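J.: okay, sequence plus prediction incoming.
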Amino acid sequence: MIGWIIFIVYIEIYGIGVMLYARSRGMKNSAWCLVPFVAFFVMDKLTGGFKVATIQVNKWGGLVIKLTIVALIAYLYAQWGIHTLTERNVGPLVQIMCIPIAVSVLVFYITMIQATREILFLTRQSFRFDWLLCMTLIAIPVIMAVLSCPKFAGIEQIDKT
């Protein structure tokens, strides 16, 4: 249960970063990124798709929703087993249900890294080991927020004097 709470909080923090970035790019209605999972659809629009290990990822928002549903169903099935099956049968069921959860988390993690690297590349802010920074998931929303600043995003500031 704690893992699901952390996941939802992370999606909201990521949505804030994407909202700031989308607003700096002039997207209307960027506040919709605060709705869970909408930020992934906005990122898909901003990146135009990206590749992960030679596999083209289009419709990233749909992929994230599918991964979440698979992990949620596996989690709920394991919880059902914990509360209804005998102690002898619970262990194997929980171990088997950890497989789709782990695969979903891994695919989500890899696509998050690659989507952020794509935005860094598009804003000409990529650097030698940018993937290493993106591997720390908490840095991704911060990167998106920093790229929304005019100095970093390559947006010319207008002098009002």
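T.: Perfect, thanks for sending it. Numbering: from 1, shown residues only.
J.: distance-wise, check Ala145 relative to Val70.
T.: The gap separating Ala145 from Val70 is 30 Å, by Cβ to Cβ, to the nearest Å. The way it works is simple: take the backbone N, C-alpha and C, and place the C-beta from them, glycine included.
J.: and if you look at Met135?
T.: Distance of Met135 to Val70, computed by Cβ to Cβ: 23 Å.
J.: now do Ile6
T.: Note on Ile6: its distance to Val70, by Cβ to Cβ, is 18 Å.
J.: sketch out the low-pLDDT regions of this protein for me.
T.: For the chain, applying pLDDT under 70 flags the ranges 126, 148-161.
J.: all strands of it, in order?
T.: Remark: strands assigned in the chain by DSSP state E are 50-52, 55-57.
J.: could you dump these into TSV with mean neighbour count added?
T.: Shown next, in TSV, are these (neighbours: other Cβ atoms under 10 Å):
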stretch	mean neighbour count
strand 50-52	16
strand 55-57	12
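J.: can I get these in TSV including distance to Gln114?
T.: Formatted as TSV, these follow (distance: least, Cβ to Cβ, whole Å):
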stretch	distance to Gln114
strand 50-52	5
strand 55-57	7
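J.: residues in contact with the one residue sitting closest to the centre of the chain?
T.: With distances taken as Cα atoms, centre = their mean, the residue of the chain nearest its centroid is Met112 (4.6 Å). Residues in contact with Met112 (Cβ atoms under 8 Å, 6 or more residues apart in numbering) are 134, 137, 140.
J.: number of nearby residues for the first one?
T.: Neighbour count for Cys134, taken as other Cβ atoms under 10 Å: 19.
J.: so who does it touch?
T.: Contacts for Cys134 (Cβ under 8 Å, 6+ apart) come out as 112-113, 116-117, 120, 140, 143.
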